[in-house]
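Asks: the sequence and its predicted three-dimensional model are supplied below.
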Amino acid sequence: MFKINITKLPKSEIEIEGEIEAEIFESYFNKALKKLGENIKLDGFRHGKVPENVLLSNIPEIKILEEMAEMALNEYYPKIIEGEKLDVISRPEISITKLARKNPLGFKIKTTIMPEVALPNYKDLAKEILSSISPKDKEINITEEEMENTILDIRKSRAPKIPMSEIDLSPMSDIGENIQEKVSDTKNPVSDTLNLPELNDEFVQALGPFKNVADFREKLKENIKLEKENIAKEKIRLKIMEKILEETQIEIPNILIEIELDKILYRMESDITNMGLKFENYLTHLKKTTEELRVEFRNDAEKKAKLGLVLNKISELEKIKAEEKEIEKEVAHILEVYKDADKNRATLHSQNILTNEKIFQFLENQ
C-alpha cells in the first residue's frame, strides 16, 4: 500500500519519507478530475456536466496530479500517524518528491511529535526538599505591625476622596502643612491621609459579618495567617518543581514555546486593555515591538512549556486526574463570574488547574 521511513530530527520533529503505490495513486485520477471539473465553466456545457475528454483538454495535467496527491495524502497521512502510533502536535509540512501518472507518489512530511520526557526520581526529590525545611521555617507569626498596617490600608480604602480643588494647600493651613510633609511619600497620596474613618464597631460591621472590633481583629489575624501559609506553601512547591525541572531531560518543541509566548502576550495585552490603555501605545512607551517581547519572554515561555510537560508526565505515571464533579463545579463558577467565557476552554482550564493541584498535593505528601 505504502512504504515509509521515519527520521528523528532535533526539537522533537520528525520527517516521514515514503511512497504511495502507483496503482493506489492512479485510483484518485477520476475523483480529482471530477472535483476540478465542478469549478470549470465552458460555453455549451451545463455546470458540472462537462465530458471527461473536454475536461482533459482544458485542465493541465499537473493540476490534476496535484489534486490527486492532495486527496491521497489527506486519506493516508492519518493512517500513517495511527499505524506508527505517532503523538503529533503540529500541522504537517508536506513536500512532493515524485509526481507522475501511473507512478508511485513520493512525499516527505515534516511534523512535530510530543517529546519524550525523561523524569528524575521526582518522589525522592520532593522528599529531599521537604526534609530541608526546618520547623522554624514552618512557623507562621503575625506581628502587631503587620496587623496595624493592614488595618491602616483598609481604613484608607474607605476614606472619602476629597477633590484637590477643595483643599487649602497654603503653608498657613493645618492641612497644607500636613500635606507638605506627605507630598514626597508616594505611598500616601493626599486623599489617603485625610479623614481616615475611625476604627470602631460601626466601621467593622460595615465591612462584613463582624460583631465588634475585637472580632474583626481576630478574624483579620486568621486571614493574614492563611495568606502567609499559602505563600509559604507556594514557595515550597516552587522549590520542588525547580528541582524536578532542573534534573528532567527533555527537548522542548518550538511549537509549544510559541504557544506559551502567545499566552503570555495575550495576558499582557488583556491587562493593559483592562487598564483603559491601548496595547500599541504601551509598546511605543516601552520602545519595543511585539517580536522583541517574544524574544525577551522566550526563556519564561520555555520554562512554562517544560513545566506543563513534566506535570502531564507525572499525571500519566501516577494516574492522577481531577474528578468530573470537581471540574463541573469549577466550570460553573467560572461561567458565573465570566458570563462570556467559552465553556470548552473553561473546562480545559479547570481540568488542568485541578489536576495540577492534585499533583502538587501528591508531591507534598512524599
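Replies: That came through, no problem. Numbers count the residues shown, from 1 in each chain.

Asks: contact partners for E269?
Replies: F279 (Cβ atoms under 8 Å, 6 or more residues apart in numbering). Every residue, glycine included, has its C-beta placed from N, CA and C.

Asks: which helix or which strand is home to it?
Replies: Per DSSP states H and E: E269 is located in helix 254-274.

Asks: with just CA atoms, put that helix into PDB.
Replies: Extracted in PDB, the C-alpha atoms of helix 254-274 (Å, rounded to 0.1, in the frame of the first residue of the first chain):
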ATOM      1  CA  ASN A 254       9.300  25.100  19.300                       C
ATOM      2  CA  ILE A 255       5.600  25.000  18.700                       C
ATOM      3  CA  LEU A 256       5.000  24.500  22.500                       C
ATOM      4  CA  ILE A 257       7.200  27.500  23.300                       C
ATOM      5  CA  GLU A 258       5.300  29.600  20.700                       C
ATOM      6  CA  ILE A 259       2.000  28.600  22.300                       C
ATOM      7  CA  GLU A 260       3.200  29.800  25.700                       C
ATOM      8  CA  LEU A 261       4.500  33.000  24.200                       C
ATOM      9  CA  ASP A 262       1.100  33.600  22.700                       C
ATOM     10  CA  LYS A 263      -0.500  33.100  26.200                       C
ATOM     11  CA  ILE A 264       2.000  35.500  27.900                       C
ATOM     12  CA  LEU A 265       1.400  38.300  25.300                       C
ATOM     13  CA  TYR A 266      -2.400  37.700  25.300                       C
ATOM     14  CA  ARG A 267      -2.500  38.100  29.100                       C
ATOM     15  CA  MET A 268      -0.300  41.200  28.900                       C
ATOM     16  CA  GLU A 269      -2.400  42.800  26.300                       C
ATOM     17  CA  SER A 270      -5.600  42.000  28.200                       C
ATOM     18  CA  ASP A 271      -4.200  43.500  31.400                       C
ATOM     19  CA  ILE A 272      -3.200  46.700  29.600                       C
ATOM     20  CA  THR A 273      -6.600  46.900  27.800                       C
ATOM     21  CA  ASN A 274      -8.400  46.400  31.100                       C
END
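
Asks: okay, buried residues for the helix or strand where K79 lies please.
Replies: K79 belongs to helix 61-83 when assigned by DSSP H and E. The neighbour-count criterion (16 or more other Cβ atoms under 10 Å) identifies I64, L65, E67, M68, A69, M71, A72, L73, Y76, Y77, I80, I81 as the buried residues of helix 61-83.

Asks: in the chain, which spans are strands?
Replies: For the chain, strands defined by DSSP state E occupy the ranges 2-8, 13-20, 93-98, 105-112.

Asks: how far off strand 93-98 does the helix holding K79 point, in degrees?
Replies: With axes from the mean of the first three to the mean of the last three Cα atoms, to 10 degrees defining the directions, helix 61-83 sits at 120 degrees from strand 93-98.

Asks: helices or strands up against helix 61-83?
Replies: On a contact count with 3 or more Cβ pairs under 8 Å, 6 or more residues apart in numbering; DSSP states H and E, helix 61-83 meets strand 2-8, strand 13-20, helix 22-26, helix 29-37, strand 93-98, strand 105-112.

Asks: now do the fourth one: distance to the chain's middle.
Replies: Spelled out, that is helix 29-37. 43 Å (Cα atoms, centre = their mean, to the nearest Å).

Asks: ditto for the second one
Replies: The chain centre lies 31 Å from the centre of strand 13-20; the measure is Cα atoms, centre = their mean.

Asks: can I get the CA coordinates of it in PDB?
Replies: What follows is strand 13-20, C-alpha atoms only, in PDB (Å, rounded to 0.1, in the frame of the first residue of the first chain):
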ATOM      1  CA  GLU A  13      10.500  17.000  15.000                       C
ATOM      2  CA  ILE A  14      10.300  14.000  12.600                       C
ATOM      3  CA  GLU A  15      10.500  13.600   8.800                       C
ATOM      4  CA  ILE A  16       8.300  10.900   7.300                       C
ATOM      5  CA  GLU A  17       9.500   9.900   3.800                       C
ATOM      6  CA  GLY A  18       7.600   7.500   1.700                       C
ATOM      7  CA  GLU A  19       5.700   6.400  -1.400                       C
ATOM      8  CA  ILE A  20       2.100   5.500  -2.100                       C
END
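
Asks: model confidence score at the residue nearest the centre of the chain, please.
Replies: Against the mean C-alpha coordinate of the chain, by Cα atoms, centre = their mean, the closest residue is K263 at 4.8 Å. pLDDT recorded at K263 is 93.

Asks: go on, P92?
Replies: pLDDT, read off for P92, is 96.

Asks: these two touch, right, it and Y77?
Replies: Yes: counting by Cβ atoms under 8 Å, Y77 is a contact partner of P92 at 6.4 Å.

Asks: overlap in contacts of these two?
Replies: I109.

Asks: hmm, A100 is touching I62, no?
Replies: No: the criterion here is Cβ under 8 Å, and A100 misses it with I62 at 10.0 Å.
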